[in-house]
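> okay, here's the prediction I keep looking at, along with the sequence it came from:
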Amino acid sequence: MSLTVVIPSRALTGLLRQCLSSLQDAAVFAGIDGMRVVVVDNASPVPYRRAELTTDLDLELLRFDTPRSFSRACNAGARLGDGAAPLLFLNNDVLLHRRALLDLCSTAQTYRAGVCGARLVYPDDTIQHCGVLFDSGERGPYHHLHWVPSHLVPRRPRVLQAVTGACFLVERPLFDQLGGFDEQFPFAYEDIDFCLRARQAGATIVCAQAVDSIHLQGSSRDERAYALERQSRALFFARWRGRFNIDGSADDR
Amino acid sequence: MTNTSAISLIVHTRNSAHVLPELLRTTAWCDERIVVDMTSTDGTADLARAAGCRVVTIGPEPFTDALRNRFLGEAAHPWTLVLDSDEYLAADAEEGLRAAVAAAAADVDGVWIPRFNSIAGRVLRGSGWYPDHQLRLFRTGSIRYEVAHHRVPQLVDPTRRTVRLEPPGCVHIHHENYASFVEFVERQLTYARSDVYDDDPDRFDFTMYLARAAQEFDDRLDSDADADHAYALALLMYWNQIVRGIVHWERLGYLPPLPTEPPLPLREVFVTPVDDAEVAALRARIAELEAAVTAVHASRSMRVTRPLRRAGDIARRILRPVRGT
């Protein structure tokens, strides 16, 4: 099977190198032969060089001199992918478990899912992401079982309304049908928006849970990112308030 | 021409098939692309034609920047973008350059664009190598090149202005200068051999080249930014000036005598003094140089003064930490 991987990234070359190395291992384990990796160099102060990132992968660098939003970077990267292959969006601070890609692909297949998210943990094995739930009121979307030790969380895949875009497998026809991520979101919430639109189009959203990949979440954020995130949040609520199912907050510890 | 912001691209090539595809891929948005090909034998012209460029073929002759002047008139649009065949642009360059054109006031003729230089696998950040602004986007016909390699092009009308795009977060030229240091040496030699030198023996002064060499070394040695590449390049740039001086001297028929003792011995440039004796020796040398400069000042011969004053300045800069002790 083939796969197009899109990794938007700014600087953090050492981290990106480890990210690519874990991706390569996971791809070998999953038996993916035609994998094309597009690293979107989102205005790194020093442009990436292919040789400093990887020696083995089929890697394409898409360089932007001026910074652009996560959604625009992802969409631009996706346009370079080959036409039919599923798309994997990956953050540069995600270190995949060796079996993560196999788990993602097989879960997506089993559930005939349009979008499949991954279970992600912090370095101390507490949950960063095992699905996104929705609360009422101002809280809105939140990370299910955030900070709960991973060994207390069931391993069964879970069908949800949304998963995080940090590691996100999506069927190519669905991605094209929805026109990719909405480029109006300056930072964050474009992934939740995408999942809700995917559900409107009839797709299933599932989160694979069999293995834990590490997500060093927030390692690439700065002050500006937090300001942009507030804008994104406002846009999200303006668009979706009252239009998602309330999962409640019972499992929030 | 109705569109006042349309951009013509001009590229000079000679056996550039190995680097040209990247340039062609990233400049497809230009309103017109002209490739001036100097009788390449590696299919460069075919590549360019296949990409939809207009190809102008010229005979083999020594390439200097002055040659560029002949083909600036080929551009049909109001703005001209000049790139070298080993350069390319980022995916958002169209946006950035069109914005620069749109933002150019009526009296602005040219736009300086910062450039990333990559040598032997490393994108350089040190002094002299970055931001390395280049005057490459200008109103068609507003620029003339000098008769030599890599000199700064001049505005035809000096009352007009130019603006600079300031990093970070602006469009850049991406330059794959040299894949290796060997290639660097070969290219510098080619430039040194084919460059145009002043043919008046009276104006030749080898100490000028030595001063330039020391200046280059001093300017380029920025190891905090570029680590070992900085040392290698500073030494090579020093060497390059010496080579040019000797090539120039040879062109003049070995006529002016070379100085028996350079005003700035290599040892003083490269060796950091450690003990008191060496510091004292260097202080004496500075005093000697300063006395020489003063003496020459008194003689009022500008031809000799300029290089010597330059050498004295450089010596003082290099030895500043020593004098402080």
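All right, it came through fine. Numbers count the residues shown, from 1 in each chain, chains lettered A, B, ... in the order given.

> show me where the chain has its helices.
I'll assume chain A. A:13-30, A:50-53, A:70-79, A:100-110, A:172-177, A:190-200, A:223-240 (DSSP state H).

> let me rephrase: I mean chain B.
B:20-26, B:44-50, B:65-71, B:93-103, B:181-194, B:206-220, B:223-251, B:266-270, B:276-299, B:302-324.

> point out where the chain drops to low pLDDT.
All of this refers to chain A. A:219-220, A:250-253 (pLDDT under 70).

> you looked at the wrong chain, it should be chain B
Short version for chain B, where the test is pLDDT under 70: B:1-2, B:63-64, B:148-151, B:260-274, B:296-297, B:299-325.

> which bits of it sit near chain A?
By CB under 8 Å from any CB of the partner chain, the part of chain B that sits against chain A consists of B:90-93, B:95-96, B:116, B:118, B:121-123, B:125, B:168-172, B:174. Placement of C-beta: from N, CA and C, glycine included.

> count the residues that sit near the closest residue to B:Glu32 other than its chain neighbours.
With sequence-adjacent residues excluded and distances taken as CB to CB, 6 or more residues apart in numbering or on different chains, B:Glu32 is closest to B:Ser8, at 4.4 Å. Using other CB atoms under 10 Å in any protein chain shown, B:Ser8 is surrounded by 21 other residues.

> list the contacts for B:Ser8?
Residues in contact with B:Ser8, defined by CB atoms under 8 Å, 6 or more residues apart in numbering or on different chains, are B:30-34, B:74-77, B:79-81, B:140.

> ok, now with 6 Å
B:32, B:75-77, B:80 (CB atoms under 6 Å, 6 or more residues apart in numbering or on different chains).

> ok, what's across the strand from it?
Beta-bridge partners for B:Ser8, by DSSP bridges, are B:Glu32, B:Thr80.

> same check on A:Gly117?
Beta-bridge partners, per DSSP bridges, of A:Gly117: A:Phe168, A:Cys207.

> A:Met35 pairs with what?
Residues in beta-bridge contact with A:Met35 (DSSP bridges): A:Leu3.

> near A:Thr203, how many other residues are there?
Just to correct that, residue A:203 is Ala rather than Thr. Using other CB under 10 Å: A:Ala203 sits among 20 other residues.

> oops, could you answer that again for B:Ala277 instead?
9.

> separation between it and B:Arg285?
13 Å (CB to CB, to the nearest Å).

> show the contacting residues for residue 108.
In the absence of a named chain, chain A is used. Contacts of A:Ala108 by CB under 6 Å, 6+ apart are A:116, A:169.

> my bad, the chain I had in mind was chain B
B:Val108 touches B:161, B:163, counting by CB under 6 Å, 6+ apart.

> if we use 7 Å, what do you get?
B:161-163 (CB atoms under 7 Å, 6 or more residues apart in numbering or on different chains).

> now B:Arg244
So B:Arg244 contacts B:192, B:209 (CB under 7 Å, 6+ apart).

> burial count for the residue in the stretch 201-325 of chain B that chain A sits nearest to?
Going by CB to the nearest CB, chain A is nearest to B:Ala225 of the stretch 201-325 of chain B, at 10.0 Å. Number of residues near B:Ala225 (other CB under 10 Å) recorded here: 14.

> mind checking how far the residue nearest to it when sequence neighbours are not counted is from B:Leu81?
Closest residue in space to B:Ala225, ignoring its immediate chain neighbours: B:Gly126 at 3.7 Å, by CB to CB, 6+ apart. B:Gly126 sits 27 Å away from B:Leu81, going by CB to CB.

> neighbour-wise, which of the two wins?
Shown here are B:Gly126 and B:Leu81; by other CB under 10 Å, B:Leu81 has more neighbours (26 against 20).

> the more buried one reaches B:Leu9, doesn't it?
Yes - between B:Leu81 and B:Leu9 there is a contact at 4.8 Å, judged by CB atoms under 7 Å.

> angles on the backbone of the closest residue to chain A within the stretch 1-150 of chain B, please.
Closest approach between the stretch 1-150 of chain B and chain A, counting by CB to the nearest CB: B:Ala90, at 4.3 Å. For B:Ala90, the backbone dihedrals (degrees, to the nearest 10) come out as phi -80, psi 170.

> touching, it and A:Thr66? I think so.
No - when contacts are counted by CB under 7 Å, B:Ala90 is not listed as touching A:Thr66 (8.3 Å).

> return every residue with contacts to both of the two.
B:Val171.

> list the residues that contact the closest residue to A:Ala43 other than its chain neighbours.
Spatial nearest neighbour of A:Ala43, excluding adjacent residues (CB to CB, 6+ apart): A:Pro67 at 4.2 Å. The contact partners of A:Pro67, by CB under 7 Å, 6+ apart, come to A:42-43, B:169.

> which of the residues you listed are buried?
Among these, those that count as buried by neighbour count (16 or more other CB atoms under 10 Å in any protein chain shown) are A:42-43.

> how close does the residue nearest to B:Ala225 get to B:Asp224?
Relative to B:Asp224, and taking CB to CB, B:Gly126 is found at 8 Å.

> re earlier: nearest to A:Ser213, out of the helices of chain A?
helix A:100-110 (4.8 Å; CB to CB).

> re earlier: between B:Ala90 and A:Thr66, tell me which one has more neighbours.
The residue with more neighbours, out of B:Ala90 and A:Thr66, is B:Ala90; 23 against 18, by other CB under 10 Å.

> measure the more buried one to A:Gly165 for me?
Using CB to CB, B:Ala90 is found at 24 Å from A:Gly165.
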